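Novice: next input, structure requested:
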Amino acid sequence: MFDNLCKFLAESFSEDYAAWLLGRPIKLTKLSPTELSLEPIRADSLILEQSEDLVLHLEFQTEPDPTMGFRMLDYRVRVYRRFPQKTMHQFVIYLKRSSNDLVYQDSFQVGETVHRYQAIRLWEQPSETFLQSPGLLPLAVLTQTSDPALKLREVATALDQIEDNRVKANLMAATSVFGGILLAPELIKTILRSEIMQESAVYQEILREGEQRGLLKGKLEGKLETIPLLKKLGLTIAEIAKELDIDVELVNRFVANQNN
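Specialist: Just a heads-up that it's a prediction; the model follows:
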């Protein structure tokens, strides 16, 4: 779900992400990996956007990945083959705090070939920029802070000022999911309004993913795998059981097992 959320935010609020990463609010459009020829590597986590003169490549990571450097080089070469005149900017954005040396890696070398890119650790980023741009608000809780709950309250205040209810609902749902990296669902629910989130495209996407898992793994198993995401959105056990059309006691047992 993190991959889908990051893609949704970067594509829906491309100017906010360009302003943050490139220093100017460039209007970008989605670039499909299929345009780069060859079979994509982990295209599920890949975000490519372009303007007339540049390509922005983003990889959001919750955990360190030892293959990241090679992947960045590989996509740089693919983009050069397809768009030799375009400048390319590549960023790996780490969501979850880690002391692993891999989150500090910003280059890849094979023989005499050295490729460099930028690695951003959200927990080291100041919050101000994130609190001022709608598309970055869901990530603000993961930025530099000694009190994530207080930061989430600041985000909630900023979200309440958004007049478009559809945009507000989507951003609130995304904030809830990212907030779940650091905070308990029960606390998130006291800060964010779950009834608004249930109207969002993000919420519907979570349910759709649950249905797809059900088709692949068996209906009940797919529904059970959806429970943690719905909890991150602040739904109660009863609300989850009703939404997924399963027994309350079954949801209770699943949550209890997850907590053990």
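Novice: and whichever strand or helix holds Arg71, what's buried?
Specialist: Counting by DSSP states H and E, the element that carries Arg71 is helix 68-82. Neighbour-count burial for helix 68-82 flags Met68, Gly69, Arg71, Met72, Leu73, Asp74, Tyr75, Arg76, Arg78, Val79 (criterion: 16 or more other Cβ atoms under 10 Å). To be clear about C-beta, it is placed using only N, CA and C from the backbone, and glycine gets the same treatment.
Novice: give me the below-cutoff pLDDT ranges for this structure.
Specialist: Residue ranges of the chain with pLDDT under 70: 1, 37-45, 194, 198, 206-207, 209-219, 222, 232, 234, 259-260.
Novice: that one: strands as residue ranges?
Specialist: With strands called from DSSP state E, the chain shows them at 29-30, 46-50, 54-61, 87-94, 107-110, 113-116, 118-121.
Novice: if I look at the residue in the chain sticking out farthest from the centre, how far off is Met88?
Specialist: In the chain, counting by Cα atoms, centre = their mean, Glu112 sits farthest out from the average C-alpha position, at 34.5 Å. The gap separating Glu112 from Met88 is 21 Å, by Cβ to Cβ, to the nearest Å.
Novice: before we move on, what about Pro126?
Specialist: Counting by Cβ to Cβ, the gap from Pro126 to Met88 is 26 Å.
Novice: ditto for Ile196
Specialist: Ile196 is 38 Å from Met88, where distance means Cβ to Cβ.
Novice: and what of Lys231?
Specialist: 39 Å.
Novice: neighbour-wise, which of these two wins?
Specialist: Of the pair Lys231 and Met88, Lys231 is the one with more neighbours under other Cβ atoms under 10 Å, namely 23 against 18.
Novice: apart from its chain neighbours, what residue comes closest to that one?
Specialist: The shortest distance from Lys231 to any non-neighbouring residue, by Cβ to Cβ, 6 or more residues apart in numbering, is to Pro185 (4.3 Å).
Novice: pretty sure the one you found sits against Thr236.
Specialist: No: in this structure Pro185 lies outside contact range of Thr236 using Cβ atoms under 8 Å: 9.7 Å.
Novice: what about those two, which has more around it?
Specialist: Pro185 (20 against 16).
Novice: from Ser200, how far off is that one?
Specialist: As judged by Cβ to Cβ, Pro185 and Ser200 stand 17 Å apart.
Novice: now do the phi/psi pair for Asp65.
Specialist: phi -130, psi 120 (degrees, to the nearest 10).
Novice: who's in contact with it?
Specialist: Arg71, Leu102 (Cβ atoms under 8 Å, 6 or more residues apart in numbering).
Novice: alright, calling it a day.
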